[in-house]
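Student: Using only what follows, build the 3D model:
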Amino acid sequence: MSTASLRLDSELVARAKIIGSAQSRSTAKQIEHWAKIGKIMEANPDLPYSFVQEALIAQAEKEAGDLEEYKFG
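Tutor: Below is the predicted model:
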């Protein structure tokens with residue numbers, strides 16, 4: 001992954017620092033998280049935020065190998 005320097009609004013960075021701290025993320029990782037959510041939401045405007053959030057959690061669980069077999073009925 002490459003990096004780039006960006007100029008960001010100081011209020012955005014300050015808010016990301018606070019929210020990131022509460023979510024155990026660095027300021028940069030919090031801004032990346034917001035960008036990822038925003039990208040998904042723009043591509044899928046009919047999906048509720050909670051669905052997108054749960055889909056990201058499910059993807060992370062899959063990548064971590066934390067899966068359980070679903071039994072129908």
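
Student: what's the weakest-modelled helix or strand in the chain?
Tutor: Lowest mean confidence among the helices and strands of the chain (mean pLDDT, DSSP states H and E): helix 49-63, at a mean of 93.

Student: Run through who's touching that one.
Tutor: The contact list for helix 49-63 (CB atoms under 8 Å, 6 or more residues apart in numbering) reads K36, I37, I40, M41, N44, L67. All C-beta spots, glycine's among them, are computed from the backbone N, C-alpha and C.

Student: which of these are buried?
Tutor: I40 (16 or more other CB atoms under 10 Å).

Student: for whichever strand or helix holds R15, what is the average pLDDT?
Tutor: According to DSSP states H and E, R15 maps onto helix 10-22. Across helix 10-22, pLDDT averages out at 97.

Student: and if you look at stretch 25-45?
Tutor: 96.

Student: Check which residues of that stretch are buried.
Tutor: R25, T27, Q30, I31, H33, I40.

Student: Which ones among those residues map onto helices?
Tutor: Those of the buried residues of stretch 25-45 mapping onto helices are T27, Q30, I31, H33, I40, per DSSP state H.

Student: Kindly reformat the residues you listed as TSV containing distance to E11.
Tutor: Below are those laid out as TSV (distance: CB to CB, whole Å):
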residue	distance to E11
T27	13
Q30	14
I31	12
H33	17
I40	24
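
Student: Could you let me know which of those residues ends up closest to T3?
Tutor: Nearest to T3 among those is I31, at 12.4 Å by CB to CB.

Student: okay but the closest one is in contact with L8, surely?
Tutor: Yes. If you go by CB atoms under 8 Å, I31 and L8 touch, sitting 7.2 Å apart.

Student: Now the one residue sitting closest to the centre of the chain: closest residue in space that isn't a chain neighbour?
Tutor: Geometric centre of the chain, nearest residue: H33, 3.7 Å, by CA atoms, centre = their mean. In space, and not counting its chain neighbours, H33 is closest to R25: 6.4 Å by CB to CB, 6 or more residues apart in numbering.

Student: and the one you found, how far is that from M41?
Tutor: Counting by CB to CB, to the nearest Å, the gap from R25 to M41 is 19 Å.

Student: Also A28?
Tutor: Look at A28 and M41: by CB to CB, they are 20 Å apart.
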